[in-house]
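Dropping the sequence and predicted coords here.
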Amino acid sequence: MKPLLLALLAALLPLPAIAEGEHVHASPYVGQELREIKSLSAEDVSELEKGGGWGLAKAAELNGMPGPSHVLKMKRELDLTTDQEASTQRIFAKMRDDAAGEGKRLIAAEMALEADFRERSIDEDSLRARLRQIEASRATLRYIHLVAHLQMMRILNEDQVKRYNELRGYRR
């Protein structure tokens, strides 16, 4: 029994050193240094390339304004008319196409920033210019998604909007 106790104590002896202030410096970003674009995951890139929402329309969605993609998935539950469905499909197709194009521009801008840092060829002025380009693209992308939610409010009636929010699980 004593050898087991000694082995346990020996295993635990390093713990007080950590508890007394020894720091662990491992980054929460470990593994991300292997990404082609450090600031975007493979999932982010895929979502941007296909014109996906990327969470950019939360201001509308979480304030009760339906998005066209979800409306189309719920068309039966929302009892869409033929005209409403056709209008929603047009809004969705334009949003997806515009977002895919802008998403590709955002990816290209992030790749350029990545290359500048990798090559150590960036200075403060070029950094500011790159960031302006990236943020302008992100703002355009967000506009594309949010405006589609605004347009849906002209397509759906009040009861359909209420039902949409119930189906999405929102407690408004």
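Ah, there it is. It should be emphasised that the depicted structure is a prediction, and the values quoted were computed from it without experimental measurement.

Find the residue at the geometric middle of this protein.
Taking Cα atoms, centre = their mean, the centroid of the chain lies closest to residue 54, which sits 3.5 Å from it.

How much space separates that residue from residue 136?
According to Cβ to Cβ, to the nearest Å, residue 54 stands 16 Å off from residue 136. Placement of C-beta: from N, CA and C, glycine included.

before we move on, what about residue 91?
24 Å.

So those two - more neighbours on which side?
When residue 91 and residue 136 are compared for neighbours, residue 91 comes out ahead with 23 against 13, by other Cβ atoms under 10 Å.

can you pull the contacts of the more buried one?
68, 148, 151, 152, 155 (Cβ atoms under 8 Å, 6 or more residues apart in numbering).

what's the most distant pair in these?
148 and 155 (10.4 Å; Cβ to Cβ).

So between those two, which is more surrounded?
Taking neighbours as other Cβ under 10 Å, residue 148 and residue 155 compare with residue 148 leading, 26 against 21.

Just the buried positions in the helix or strand harbouring that one, please.
Using DSSP states H and E, residue 148 maps to helix 124-155. Neighbour-count burial for helix 124-155 flags 130, 133-134, 137-138, 140-142, 144-149, 151-152, 155 (criterion: 16 or more other Cβ atoms under 10 Å).

Give me the mean pLDDT for it.
Averaged over helix 124-155, pLDDT sits at 98.

by contact count, what packs against it?
helix 58-61, helix 68-73, helix 82-118 (3 or more Cβ pairs under 8 Å, 6 or more residues apart in numbering; DSSP states H and E).

cutoff 10 Å now
helix 58-61, helix 68-73, helix 82-118, helix 158-168 (3 or more Cβ pairs under 10 Å, 6 or more residues apart in numbering; DSSP states H and E).

can you put the ones you listed in a markdown table and add mean pLDDT and distance to residue 36?
As requested, the helices and strands packed on helix 124-155 are arranged in a markdown table below (pLDDT from 0 to 100; distance: least, Cβ to Cβ, whole Å):
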| stretch | mean pLDDT | distance to residue 36 |
| --- | --- | --- |
| helix 58-61 | 98 | 27 |
| helix 68-73 | 98 | 27 |
| helix 82-118 | 98 | 8 |
| helix 158-168 | 97 | 34 |
